[in-house]
Every structure is written in structure tokens, then in C-alpha cells.
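A.B. asks: here's my sequence, what's the structure:
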Amino acid sequence: MNSSETTAKSPDAGPAPTEQRLMDAARALFAAKGYSAVGIREIAREAGLTIGSLYHYASSKEDLFLKLMRRNYASATRSAREAATRGSTPAERLANLVRAHVMMEVSDSNVWRLNRSELEVISAEARAELVALRDEFEQIWRQLIEDGIADGSFTPDDPVLARFSIIQMCNGVALWYRPDGRLSLEEIAAVISRQAMALLRVG
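C.D. replies: The predicted model follows:
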């Protein structure tokens, strides 16, 4: 192992090359076969590591899965927070948040799909951690909508249902979007933004 990989890194630093190779292998296998069908030895083999080397980076398959999801949520939450503060009005901030969410979903659709489909097969402790990360992400949406209601910009019939509906619209793009489709990703995000504003009854 290269000595640089064992050097302590700042929280914002990316993973070491070997660790990144391991995470890429886990992501690819989970996406292709599903979490339950993949074994830890298969992940090690795909990454070109021995089992002993793998356990230096993760204690189990579930630990690998959680590492993937923690990184995705950390990146998505940073992006969403930044987007939700850009714009002079709640409607502008909403459009920026929709765009950021759509782009995030499509950029790593396999991992987000796994996050939603595999919650029932991981341990209760792991599931609780992922739900907490999801709630932290959704709090950004909740706060933006509450702020818009407070200043009269949004007048939804049901704020909670509107929030759920908008998030599901954004989540769903990764399931059907194709780069060669009729609309670009930017155009899709713009359409969903208008639909979101309709649900929130933007004044």
C-alpha cells in the first residue's frame, strides 16, 4: 500500500485511490446484482484486493453500503443547501433546489435506487442511519417551503403532501431519463420546477 494512502486526511479530502477502487467496485456490483446478491469476496475480487486488504477499509458488506450512502448524502445535502440559498425569492430558490435534486439523482442513479430498494434488507441500525440522513436532506425542502409560506409566497393546500410530491417527481427522473430523449435534463428540471410551483401555489 502506498504510504500516502495511510496519511490522515482532512474531512473534505477525497478517498485514497485503493479505497476509491473498492467503493467503485461495490457500487458497480450492487447496481448490477442488487445488495443481497453480492458477496464480500466478490467485491474484493472486483476491486483487485484480498479480503484482508478490504477489511482495512470496511468491516462488512453493509459497512461498504453505508459508506457509499454517507458519501452520496453528504454531497447531495451540501448541493441542496447551497441551491436553497441562491435566489432573491422563495420561488427562485425552489427552482434551484429542484434542479440540484434532479441533477443529483441522475448523476448517481444506481446508488439512489439501491438506497430506496434495499432498506428492508439491511440491519435496523443501518436503516435508522439512512433514514436520519434522508430526513436531514428533506429538512432543506421543508425549511424552504415553510419560509415561502411564512412570507406569503407559497399557499399550498397541503404543505406536507406538496413536499412529498415534489421530491418524488425529482426522484423519479433517474428511472426514465435518457440523454438522447426528447428533453434535456435542464429542460426537465425546468418543467418540474413549474409543476412544483403549481403544487405550492406560488403567488
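A.B. asks: from now on I want contacts and neighbour counts done on CA atoms only, so please keep to that.
C.D. replies: Fine.
A.B. asks: so where do the strands sit in the protein?
C.D. replies: For the chain, applying DSSP state E gives no strands.
A.B. asks: so which helix or strand of this protein has the lowest pLDDT on average?
C.D. replies: When each helix and strand of the chain is scored by mean pLDDT, DSSP states H and E, helix 109-117 comes last, with a mean of 78.
A.B. asks: what lies in contact with that helix?
C.D. replies: 27, 30-31, 34-35, 68-69, 105, 174-175 (C-alpha atoms under 8 Å, 6 or more residues apart in numbering).
A.B. asks: kindly recompute the last result at 10 Å.
C.D. replies: Helix 109-117 is contacted by residues 27-28, 30-32, 34-35, 65-66, 68-69, 72-73, 103-106, 127, 130-131, 134, 171-175 when judged by C-alpha atoms under 10 Å, 6 or more residues apart in numbering.
A.B. asks: buried subset of those residues?
C.D. replies: Among these, those that count as buried by neighbour count (16 or more other C-alpha atoms under 10 Å) are 27-28, 30-31, 34-35, 65-66, 68-69, 72-73, 103-106, 127, 130, 171-174.
A.B. asks: out of the residues you listed, list just those in helices.
C.D. replies: 27-28, 30-31, 65-66, 68-69, 72-73, 103-106, 127, 130, 171-174 (DSSP state H).
A.B. asks: now the helices for the protein?
C.D. replies: With DSSP H as the criterion, the chain has helices spanning 17-33, 40-47, 51-57, 61-83, 90-107, 109-117, 124-150, 159-176, 185-200.
A.B. asks: name the helices or strands packed onto the fifth one?
C.D. replies: Applying 3 or more C-alpha pairs under 10 Å, 6 or more residues apart in numbering; DSSP states H and E, one finds that helix 90-107 makes contact with helix 61-83, helix 109-117, helix 124-150, helix 159-176, helix 185-200.
A.B. asks: please apply the same query to the first one.
C.D. replies: In this structure, helix 17-33 makes packing contacts with helix 40-47, helix 51-57, helix 61-83, helix 109-117, judged by 3+ C-alpha pairs under 10 Å, 6+ apart.
A.B. asks: I'd say residue 106 and residue 188 touch.
C.D. replies: No: taking contacts as C-alpha atoms under 10 Å, residue 106 lies outside contact range of residue 188: 11.6 Å.
A.B. asks: identify the contacts common to these two.
C.D. replies: With C-alpha under 10 Å, 6+ apart as the test, residue 106 and residue 188 both reach 170, 173, 177.
A.B. asks: identify the residues contacting residue 78.
C.D. replies: Residue 78 makes contact with residue 137, according to C-alpha under 10 Å, 6+ apart.
A.B. asks: now residue 172
C.D. replies: Contacts of residue 172 by C-alpha under 10 Å, 6+ apart are 102, 105-106, 109, 113, 166.
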